[in-house]
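**Student:** kindly generate the corresponding structure for this input.
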Amino acid sequence: MKNFDLVFKALADPTRREVLRMLSGGERTAGELSDAFELGRPSMSHHFTVLKEAGLVRSRREGTQVYYALDTTVLEDVLARLWDHLGLGEFRKENQP
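**Tutor:** Numbers count the residues shown, from 1 in each chain. Down below sits the predicted model:
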C-alpha cells in the first residue's frame with residue numbers, strides 16, 4: 001500500500017481532485033487534462049507526478065501522447081482502512097455486493 005501521506009497530499013489539492021474527477025469518465029491525454037486548467041504544462045506535469053506517486057493514476061505512452069487513467073486500487077484501500085479505523089469495517093463488509 002502506498003504511503004497514506006502521499007495519497008492525502010494528492011487529494012488535498014483541488015486541481016488534482018478535479019483531474020481525478022475528469023478521469024472518472026475514462027482515460028484522457030495529458031493535453032486534454034491540461035487544457036481544462038489555466039496552468040502551464042510544467043505545473044500540470046507536477047500534478048500528474050504527485051497523482052502517479054500516490055498510486056491514484058497510471059499512465060501510458062503512445063507515440064508522443066501520454067494517456068492517464070484512474071487507478072482506484074489505492075483509493076479503495078485507503079477508504080477501507082478509514083472505515084476500519086472508524087469502526088465501520090463490519091458495516092462495509094455487510095454491504096458489499
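**Student:** pLDDT weak spots in this structure?
**Tutor:** 1-2, 88-97 (pLDDT under 70).
**Student:** dump the residue contacts of the residue nearest to the spatial centre of the chain.
**Tutor:** Central residue of the chain (CA atoms, centre = their mean): L56, 3.1 Å from the mean position. In this structure, L56 makes contact with V7, A10, L11, L20, L70, D71, V74, L75, judged by CB atoms under 8 Å, 6 or more residues apart in numbering. The way it works is simple: take the backbone N, C-alpha and C, and place the C-beta from them, glycine included.
**Student:** what helix or strand is the closest residue to the third one other than its chain neighbours on?
**Tutor:** So the one you mean is L11. Closest residue to L11 apart from its sequence neighbours, by CB to CB, 6 or more residues apart in numbering: R17 at 6.3 Å. In the assignment (DSSP states H and E), R17 maps to helix 14-23.
**Student:** now swap in A69 and tell me
**Tutor:** Per DSSP H and E: strand 65-70 holds A69.
**Student:** tell me what that strand is packed against?
**Tutor:** Packing partners of strand 65-70 (3 or more CB pairs under 8 Å, 6 or more residues apart in numbering; DSSP states H and E): helix 14-23, strand 28-29, helix 30-35, strand 57-62.
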